[in-house]
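A.B. asks: Pasting the sequence and the predicted model now:
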Amino acid sequence: MAGETPLPPHVHEQEYWKRYRTLRSMTGRLASQQALIHALHDEGSIPQQIRDLAVKAVNSDIEATRHMLIEVLENFISTGMQGIHSIDVEVSVAIPPDSDLIDVDECRLLVDGREESIPPEIGEALITYGIRHGHGTPVRALLEFYRTEEVRYDRMLEGALGRCSMQILQEVYPGKQYRIRLRLPAQALVEYGIVA
């Protein structure tokens, strides 16, 4: 806009790292809440009815935290897209052949070389989006989606090829399945409405 006063670069930098710290505290809170759920399930000395009420209360808090985390993540990625920082998402999944079943092993945000775990539902949504926008089996569809995205980000990011990668391993034991690790710039999460 013509009437906007540009902020000095260090203000953007402070805002970026402030949002990163907020994101880290949110993911830490979510991890501790999930650990509390597991501890409550494993605690035999608490009566079942009280344990169920406690789990229900913590689960509702987890849902509120997840909702806030999605908003914080969207704001953080949007802020990072404006500067010199690299924010990528990496998802590891297992997909049985010719199946729509997706098992997310982990989903991480890679922020300027730092790794931050984010909810696997985000990775599952990205993988599902990729499969829906390709053709053939889920693995072929995901590969087709990746190739399209790799070309697009190569042009957009002016040759930063290290930001996109895909690894496909086929396992035959104990059961046949594909292990896939997909890495894309995190702005894909915002552009495709996964964290919107």
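C.D. replies: Yep, that arrived.

A.B. asks: just for the chain, where's the confidence low?
C.D. replies: By pLDDT under 70, the weakly predicted segments of the chain are 1-9.

A.B. asks: so what does the helix or strand containing residue 178 touch, helix or strand wise?
C.D. replies: Assigned by DSSP states H and E, residue 178 falls within strand 177-185. Under the contact definition 3 or more C-beta pairs under 8 Å, 6 or more residues apart in numbering; DSSP states H and E, strand 177-185 sits against strand 87-95, helix 120-132, helix 138-156, strand 165-171. All C-beta atoms are positioned from the backbone trio N, CA, C, and that covers glycine.

A.B. asks: Determine which stretch of those is the most buried.
C.D. replies: strand 87-95 (a mean of 21; mean count of other C-beta atoms under 10 Å).

A.B. asks: Now stretch 122-130 - C-alpha only, CSV.
C.D. replies: Taking C-alpha atoms only, stretch 122-130 is exported to CSV below (Å, rounded to 0.1, in the frame of the first residue of the first chain):
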residue,chain,number,x,y,z
ILE,A,122,-1.1,-31.8,9.6
GLY,A,123,1.1,-34.3,7.8
GLU,A,124,-1.7,-36.6,7.1
ALA,A,125,-3.7,-33.7,5.5
LEU,A,126,-0.8,-32.8,3.3
ILE,A,127,-0.3,-36.4,2.1
THR,A,128,-4.0,-36.8,1.5
TYR,A,129,-4.1,-33.6,-0.5
GLY,A,130,-1.2,-34.8,-2.6
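
A.B. asks: Mind listing residues that contact the strand holding residue 178?
C.D. replies: Applying C-beta atoms under 8 Å, 6 or more residues apart in numbering, the set of residues contacting strand 177-185 from outside is 86-97, 105, 110, 126-127, 130, 139, 142, 146, 149, 153, 157, 163-171.
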